[in-house]
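Enquirer: generate coordinates for the sequence data below:
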Amino acid sequence: SALITLNIFFQQSLQMEVAEQFNKHQLLLSTSTANSIKSYFYFLREEIVELARELSEKDVESEAVFDRVTTNELKHKRLIKTNVGILDAGGAVLFYRGDKGVIEQLALQAVKEAGNIKPMDAKIVERQPLITVVAPVYKNGKLARVALFSSEIQDIANHLFMDLKSGAKWYAWMMDKDGN
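Expert: Coordinates of the predicted model:
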């Protein structure tokens, strides 16, 4: 009887230890993923501020100049489908890469947001299903242009979680204190 009780106690302790290890692994995985998301948006924010700075110093009046500026400032190869737009202060799309329709839908909100952002700064705006990074371009102290990057939340998630694949060798499970 004592041996059976000891065996049950040991089994419950083992189950709790396994569940605790599982929870630690899940916390590590979620913390790592959250840090990746934060780093990605920090990078985008810095990139668009640099693009806005470049646009404030140069007159971008043609597709060729736009291509040169964006190529210089967006040196890394985009792994996530991103729409890039340059708007005038009224919200008209001047130049774009990606889906012009998406940029046009975001234009008025982006100009409104840009009017509340200091020079050399940017704001991240979430509006389902998109996340947009907006930066104002000031010339002579006035809002002249607005730069924006926009990606679908699902595209970002797909990229950041693509290494997390289920397979025959990995199992995830949870149990309560009763072993269920």
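
Enquirer: flag every buried residue along stretch 110-127.
Expert: For stretch 110-127, the neighbour count (16 or more other C-beta atoms under 10 Å) marks 110-111, 113-114, 117, 122-123, 125 as buried. Backbone N, C-alpha and C define where each C-beta goes, glycine included.

Enquirer: repeat for stretch 52-61
Expert: Result for stretch 52-61 [16+ other C-beta under 10 Å]: buried residues 52-56, 60.

Enquirer: how about those residues in JSON lines, adding pLDDT?
Expert: Listed next are those as JSON lines, based on pLDDT from 0 to 100:
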{"residue": "A52", "pLDDT": "91"}
{"residue": "R53", "pLDDT": "90"}
{"residue": "E54", "pLDDT": "87"}
{"residue": "L55", "pLDDT": "87"}
{"residue": "S56", "pLDDT": "88"}
{"residue": "V60", "pLDDT": "81"}
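
Enquirer: where does pLDDT dip in this structure?
Expert: 1-7, 72-79, 162-180 (pLDDT under 70).

Enquirer: could you pull out the helices in it for me?
Expert: In the chain, helices defined by DSSP state H lie at 2-57, 63-73, 100-114, 153-160, listed in chain order.

Enquirer: among those, which comes closest to L94?
Expert: Nearest to L94, of all the helices of the chain, is helix 63-73, at 8.0 Å by C-beta to C-beta.

Enquirer: what's next to the closest one, contact-wise?
Expert: Residues outside helix 63-73 that contact it (C-beta atoms under 8 Å, 6 or more residues apart in numbering): 47, 50-51, 54-55, 58-60, 84, 86, 95, 97.

Enquirer: now do stretch 156-163
Expert: Contacts of stretch 156-163 (C-beta under 8 Å, 6+ apart): 33, 36-37, 40, 79-80, 131.

Enquirer: what about burial for those residues, which qualify?
Expert: Buried among the contacts of stretch 156-163 by 16+ other C-beta under 10 Å: 40, 131.

Enquirer: could you dump the helices of the chain into JSON lines and include distance to G91?
Expert: Formatted as JSON lines, those follow (distance: least, C-beta to C-beta, whole Å):
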{"stretch": "helix 2-57", "distance to G91": "16"}
{"stretch": "helix 63-73", "distance to G91": "18"}
{"stretch": "helix 100-114", "distance to G91": "4"}
{"stretch": "helix 153-160", "distance to G91": "23"}
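
Enquirer: quickly compare the ones you listed and say which is most buried.
Expert: Of all the helices of the chain, helix 100-114 has the most neighbours on average by mean count of other C-beta atoms under 10 Å, namely a mean of 18.

Enquirer: between helix 2-57 and it, find me the angle.
Expert: Taking axes from the mean of the first three to the mean of the last three C-alpha atoms, to 10 degrees, one finds helix 100-114 and helix 2-57 inclined to each other by 80 degrees.
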